[in-house]
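Need coordinates for the below:
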Amino acid sequence: MNLVMFLLTALSGILEFWNDRLLGFFILVISLVFLFGCFEKQRERYRAHLFVGSVLVLFFAGFSLISYLVSFLMPLLGEEPKSLTLGDAVLVSSGFISILNVYRGRRK
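Modelled structure (predicted):
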């Protein structure tokens, strides 16, 4: 699961890097948490990397989703709403997977 989350988060970070360099860089760094979890031999450390990485991805996915939803109020200020980019869509989808990982990690 760490490998799948690494690939999704890295893809999201690369796609997001073209729109917002700082956010894309943060997401790429978070993807390294999953990558380093793949190299752990002990099961608890593997789960710990998955849990911590999922919480961080969940935070940034929530930020991206809230940013997109709040942008619908932009026409009130005379600006255009933000369009949902491919990087945002991949990040939000990995956020939904992260919810399952966090829930499963807290249960055990």
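
residue contacts, S12?
Contacts of S12 were listed using C-beta atoms under 8 Å, 6 or more residues apart in numbering, and they are I27, G87, V90, L91, S94. Every residue, glycine included, has its C-beta placed from N, CA and C.

Specify which member of those is nearest to E44.
Set against E44, the nearest of those by C-beta to C-beta is S94 (23.1 Å).

Now flag whichever of the contacts of S12 is closest to F34.
After measuring the contacts of S12 against F34 - C-beta to C-beta - the closest member comes out as S94, at 10.0 Å.

correct me, but the closest one touches F6?
No - using C-beta atoms under 8 Å, S94 makes no contact with F6, being 10.1 Å away.

for this protein, what's the longest helix?
Ranked by number of residues, the top helix in the chain under DSSP state H is helix 43-70.

if we can go back for a sec, looking at S94 and F6 now, which is surrounded by more residues?
Just comparing S94 and F6: by other C-beta atoms under 10 Å the higher neighbour count belongs to S94, 24 against 21.
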